[in-house]
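Below are the sequence and a predicted model for it; my questions follow.
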Amino acid sequence: MSNTSAASRASASPATTALRVEQALRLLPVVEDLAPLRGCVVSLSSSRSPEAWRAVEPNRTVGKRSLDSTALRARIPQVLNRVMGRMAYLYDAAVDALESEQSGNLSQAVRALMRAGEFEEGDVRYMSAQAWYRQALDLAEQLRDRQPEMEALCHIGRLEATRGYLDAGARAFQRSLALAEAESDGEHAAGACKGLGDVLFAQSQWSGAEAWFARGLQYAESNRALAGPLSLALGQTAHRRGEYSAAAARLQRALDTFEALGDTAGFVRTLLARGLMEAAQGKTAEVLATYRAALNRLEEIALDSVLELTVRLRLAELYLDLGRLPDADDELRRAEDAAVEHQQHRWLARVYLMIGKLRGRQGDENGFVFFEQAIELCRSGEPALRLEADVYREYARFRMTMGDDDEARAYLERARELLEPFGDEAAREKIDQELQRLSS
């Protein structure tokens with residue numbers, strides 16, 4: 001009797017099936033307390049080799065990957081340790097600020113607050129970083145020593161520019177530069193000039209960007225740690241202006257500087273800039289060699305997932321431009337695995353944008369799933385409106401390739417709408433031009 005009942009219960013029990021990532025994420029509320037666990041869900045999802053992806057499931061995104069909930073439970077202590085580590089770091093910075101103020105060292109209190117902001121910025125918690133930086137600036141403005149205020153303003157400027165608020169970033173850098181020049185502080189003046197040049201570079205204003213970078217280099221001439229990034233920026237600007245000889249010389253100067261400093265990350269970023277310039281000149285073999293050299297140099301330093309993803313996406317883009325679509329697909333799947341493993345969700349959105357672009361080249365109308373997944377990633381956690389606008393622009397091109405001009409127009413208009421809060425007229429003008437071409 002009991003054996004029959006047991007057998008009946010066993011047959012009535014549902015078969016265990018693989019849990020998809022998208023199912024797991026739908027079950028978990030999008031609240032800050034669960035953000036680390038949601039990230040772990042994605043990072044634990046199973047993967048395959050690029051060849052298997054292409055042969056069996058070419059249009060599968062991370063949402064369709066499988067997840068073992070038992071493995072997730074086993075990872076909970078690690079997730080909690082990470083959460084506690086973050087809180088310990090922030091609390092330590094906060095208490096350092098309090099102790100510094102109590103001892104009368106307000107400059108040190110400002111720097112403790114900025115340290116917390118840098119930590120949050122590094123983990124893409126921009127709203128939190130902004131709160132720490134603003135608190136630091138409020139305190140710094142009360143001091144006779146102007147250096148903390150210059151530093152706080154440059155932190156705010158960089159953060160605002162990263163978030164896409166270019167005008168707000170420029171205003172912060174301008175205030176920092178005015179203070180630095182009034183105090184004859186060349187180091188902070190150079191940093192502010194670099195920030196102002198970066199803003200104009202992002203707006204494709206090459207002449208203005210070059211002027212700020214050159215001005216910054218004058219202040220940084222005796223500081224190699226500052227001169228390296230400014231030489232790199234000048235090389236990139238010269239490339240955009242079509243001045244390849246000048247660009248090559250400036251990039252070589254940057255490479256020499258980073259090499260002397262032992263700054264491998266800076267060296268790799270300069271190789272990427274050189275690769276772009278070589279690609280613009282049609283030097284295919286040189287570009288491939290440069291990007292592969294960049295990947296090799298990454299092995300010399302501690303894990304830098306963002307830099308690795310930057311190199312892999314650049315290499316995939318080159319393969320795409322060369323028409324080597326299977327190679328581009330393989331590289332993008334490697335980038336996808338790296339973004340998943342290291343919980344770089346915004347970079348994962350960029351990867352899917354590129355795979356969607358690739359599917360458009362292949363004439364595969366099912367490539368829309370990658371754009372949809374990218375949009376979903378942009379909206380998860382802290383919104384990434386600028387990146388979402390980029391996704392919609394590329395999605396519009398995909399729809400045009402598929403002959404759906406009406407949907408393409410809707411996506412371009414959505415991209416323009418997303419850019420509205422940023423006040424970036426240059427970016428919106430480009431979309432207007434695309435809309436005009438579409439209408440004609």
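Arrived safely. Residues are numbered from 1 along each chain as shown.

wait, what's in contact with the spatially closest residue to Ala35 that is not a sequence neighbour?
Among residues not flanking Ala35 along the chain, Gly381 sits closest, at 6.0 Å (Cβ to Cβ, 6 or more residues apart in numbering). Where C-beta positions appear, they are placed from N, C-alpha and C, glycine not excepted. Contact analysis of Gly381 by Cβ atoms under 8 Å, 6 or more residues apart in numbering lists 30, 35, 38, 124, 345.

Kindly recompute the last result at 10 Å.
30, 32, 35, 38-39, 124-125, 345-346 (Cβ atoms under 10 Å, 6 or more residues apart in numbering).

Which pair in those has the greatest spatial separation?
Spatially, the most separated pair among those is Glu32 and Arg346, at 17.0 Å (Cβ to Cβ).

For the residue lying closest to Glu407 once chain neighbours are set aside, report the pLDDT, please.
In space, and not counting its chain neighbours, Glu407 is closest to Arg399: 4.6 Å by Cβ to Cβ, 6+ apart. Looking at Arg399, its pLDDT is 96.

coming back round to it: using TSV, please lay out the contacts of Gly381 together with distance to Ile355, pLDDT and secondary structure.
Output for these, formatted as TSV (distance: Cβ to Cβ, whole Å; pLDDT from 0 to 100; DSSP: H, G, I helix; E, B strand; the rest coil):
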residue	distance to Ile355	pLDDT	secondary structure
Val30	24	80	coil
Glu32	29	82	helix
Ala35	25	86	helix
Arg38	22	87	helix
Gly39	21	87	helix
Val124	22	89	coil
Arg125	27	92	coil
His345	15	91	helix
Arg346	15	93	helix
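
Identify, from the residues you listed, the entry nearest to Glu118.
Nearest to Glu118 among those: Arg125, at 11.2 Å, using Cβ to Cβ.

For that closest one, which non-adjacent residue is spatially closest?
With sequence-adjacent residues excluded and distances taken as Cβ to Cβ, 6+ apart, Arg125 is closest to Glu382, at 6.7 Å.

Glu32 and Arg346: who's more crowded?
Arg346 (19 against 10; other Cβ atoms under 10 Å).

burial count for the residue nearest to that one when sequence neighbours are not counted?
In space, and not counting its chain neighbours, Arg346 is closest to Ala384: 5.5 Å by Cβ to Cβ, 6+ apart. Ala384 sits with 24 neighbouring residues when counted by other Cβ under 10 Å.

residues in contact with Ser204?
Going by Cβ under 10 Å, 6+ apart, the list of residues near Ser204 reads 240, 426-427, 429-430.

any idea how far Gly104 is from it?
According to Cβ to Cβ, to the nearest Å, Ser204 and Gly104 sit 48 Å apart.

try His342
According to Cβ to Cβ, His342 and Gly104 sit 42 Å apart.

ok, these two, which is more surrounded?
Counted by other Cβ under 10 Å, His342 and Gly104 do not tie: His342 has more neighbours, with 18 against 8.

Can you pull the phi/psi pair for that one?
phi -100, psi 10 (degrees, to the nearest 10).

which non-adjacent residue is nearest it?
Counting by Cβ to Cβ, 6+ apart, the residue nearest His342 is Ser305, at 3.9 Å.
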